[in-house]
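Asks: Need coordinates for the following:
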Amino acid sequence: MATNLSLYAVDAFIVLDTDGNRVIAKYYHPKAHPNPSTALRTLKDQRAFEKGLWAKTKTPSKDIILYDGHLALYRHSLDVILYFIAGPAENELLLSVALGCFHDAMSMLLRNPLEKRGIMENLDLILLCLDETIDDGIIVDTDSAAIASRVTRPRPDTTEIIINEQSILSAYQTVKQRIQKNIGQL
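Replies: All right, here's what the predicted structure looks like:
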C-alpha cells in the first residue's frame with residue numbers, strides 16, 4: 001500500500017441541515033495535488049454525494065464512516081451536521097482534530113452552539129474561520145483559540161476616528177490659541 005505523503009488532506013467541507021439540505025459546501029480541487037481526483041466535480045455529483053451521505057449520517061451515532069470511497073468525519077450540532085471529506089488513506093486522527101478545532105472556533109466566534117440560523121447570519125466569519133483552518137485542502141491550523149482570534153482581530157490600520165462638531169470646534173480653538181500665542185511672541 002502506497003503511503004500518502006501529500007499535505008492535501010481534505011477534499012471537501014460540507015454543512016447540511018437536519019433535512020439533508022446544503023447550508024455550506026466547499027470542495028477542494030487544487031491543481032498542485034499529486035493525485036487529482038475527478039470525483040465530485042459537478043454540482044449533480046456533489047448533490048448526489050451529499051444526499052447519500054446525509055442518509056447514512058442523519059442519526060448521531062458515530063463520527064467517522066467510509067462512504068462512496070471517501071472518508072467522512074462528521075459532527076452533529078443542534079440542527080446542522082458538519083463534515084470533513086477526505087480520501088480513504090488519510091489520517092483519521094488529524095482530520096478529527098481539525099474538525100473539532102473548527103467546530104470549537106466557530107462556537108467561540110458565534111458564542112452559542114452551532115445552529116443553521118447562526119451560521120447563515122455569520123457566514124462571513126464562518127468562511128474566514130474555514131479558510132484559517134483549511135487552505136485549498138491543506139490543514140493549516142488546529143488551535144481553535146488562535147483561529148478565532150485571527151478571524152476577530154481588528155486590523156491596526158482601521159482605527160475608527162469619529163469627527164463631529166465638538167471635535168472640529170475643539171481643534172479650531174486649539175489652532176486659534178496657538179496662532180495668537182505665536183503672534184504675541186513676535
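
Asks: Could you list the buried residues of stretch 104-117?
Replies: Within stretch 104-117, the residues scored as buried using 16 or more other CB atoms under 10 Å are A105, M106, S107, M108, L109, L110, L114, K116. Glycine gets a C-beta too; all of them are placed from N, C-alpha and C.

Asks: Same question for stretch 122-136.
Replies: Taking 16+ other CB under 10 Å as the criterion, stretch 122-136 shows L125, I126, L128, C129, L130, E132, T133, I134 as buried.

Asks: got any ranges where the protein has weak pLDDT?
Replies: Applying pLDDT under 70 to the chain flags residues 1-8, 30-38, 153-163, 165-166.

Asks: Quick test: name the residue nearest the centre of it.
Replies: When the chain is reduced to its mean C-alpha position, the closest residue under CA atoms, centre = their mean turns out to be L130, at 1.9 Å.

Asks: May I ask which helix or strand encompasses it?
Replies: Element membership for L130 (DSSP states H and E) is helix 123-133.

Asks: returning to what we had before: can I assume the residue nearest to the centre of the chain is in contact with V15?
Replies: No. With contact taken as CB atoms under 8 Å, L130 and V15 are classed as non-touching, separated by 9.7 Å.

Asks: roughly how far out does stretch 169-186 sit from the chain middle?
Replies: Stretch 169-186 has its average C-alpha position 53 Å from the chain's average C-alpha position, going by CA atoms, centre = their mean, to the nearest Å.

Asks: For it, C-alpha coordinates in CSV please.
Replies: What follows is stretch 169-186 as a C-alpha-only set of coordinates in CSV (Å, rounded to 0.1, in the frame of the first residue of the first chain):
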residue,chain,number,x,y,z
LEU,A,169,-14.7,73.1,17.4
SER,A,170,-12.1,71.9,19.8
ALA,A,171,-9.5,71.7,17.0
TYR,A,172,-10.4,75.2,15.8
GLN,A,173,-10.0,76.6,19.3
THR,A,174,-6.6,74.9,19.7
VAL,A,175,-5.3,76.3,16.4
LYS,A,176,-6.7,79.7,17.2
GLN,A,177,-4.9,79.8,20.6
ARG,A,178,-1.6,78.7,19.1
ILE,A,179,-1.7,81.3,16.4
GLN,A,180,-2.5,84.0,18.9
LYS,A,181,0.4,82.8,21.1
ASN,A,182,2.8,82.8,18.1
ILE,A,183,1.7,86.3,17.1
GLY,A,184,2.2,87.5,20.6
GLN,A,185,5.8,86.3,20.7
LEU,A,186,6.6,88.4,17.6
